[in-house]
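J.: Everything below, folded, please.
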Amino acid sequence: MIAAKCRGQLRFATVIAVLIFLSILGNGAFAQGETQQGVIELTLPRPVSGNEKVWVEVRTRALPKQAEIRVTAPDETLFGTISPYGAPGTLHHEAATATYTIPLPPSAISDGHVELCLEVDEPDKPPRAPWPVEVESLNLVYVPVSD
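T.: Got it, this is the predicted structure:
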């Protein structure tokens, strides 16, 4: 279980590093199979049961002042926004980590996969992909629900 989580985090860091590299080169083409540029694909470890929902857990480090991370579907449907104001370390510019969970609609799951796009929004700057030092990991978590 721990090894699988480490592989998932390593895979995410690799995807972010490749996206950053491609954006530096100005290359607009990133493809992994039929995955679009900037799309992160996460695989569910098992099917979702009838009494569960799936949320995405985003672990972040310090972001630039007034920056937010938008979590969307590839079609730009907004799932949630991470605003780390007041999170540990944000007041003293420390590199503390914070974990945020965002609920995903059932429509976000397709064939046991979830596709997400992450964008950092900063005032007076164009949106960009997060740097690896800003987003440490993405994990899908099962949340029990009652009827």
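
J.: all contacts plus neighbour counts: C-alpha atoms, from now on.
T.: OK.

J.: Sketch out the helices for this protein, chain order is fine.
T.: Secondary structure of the chain (DSSP state H): helices located at 2-25.

J.: just for it, where's the confidence low?
T.: The chain contains residues with pLDDT under 70 at 1-37, 86-95, 147.

J.: quick one, strands of it?
T.: All strands of the chain, identified by DSSP state E, fall at 39-43, 52-60, 68-72, 78-82, 98-103, 109-110, 113-121, 135-144.

J.: helices or strands next to the last one in the packing?
T.: Right, strand 135-144. Applying 3 or more Cα pairs under 8 Å, 6 or more residues apart in numbering; DSSP states H and E, one finds that strand 135-144 contacts helix 2-25, strand 52-60.

J.: returning to what we had before: compare the strands of the chain and report which one is nearest to residue 129.
T.: Nearest to residue 129, of all these, is strand 113-121, at 4.9 Å by Cα to Cα.

J.: Dump the strands of the chain to JSON lines, plus distance to residue 128 and mean neighbour count.
T.: Listed next are those as JSON lines, based on distance: least, Cα to Cα, whole Å; neighbours: other Cα atoms under 10 Å:
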{"stretch": "strand 39-43", "distance to residue 128": "13", "mean neighbour count": "18"}
{"stretch": "strand 52-60", "distance to residue 128": "16", "mean neighbour count": "18"}
{"stretch": "strand 68-72", "distance to residue 128": "10", "mean neighbour count": "21"}
{"stretch": "strand 78-82", "distance to residue 128": "14", "mean neighbour count": "16"}
{"stretch": "strand 98-103", "distance to residue 128": "20", "mean neighbour count": "16"}
{"stretch": "strand 109-110", "distance to residue 128": "25", "mean neighbour count": "14"}
{"stretch": "strand 113-121", "distance to residue 128": "5", "mean neighbour count": "20"}
{"stretch": "strand 135-144", "distance to residue 128": "13", "mean neighbour count": "18"}
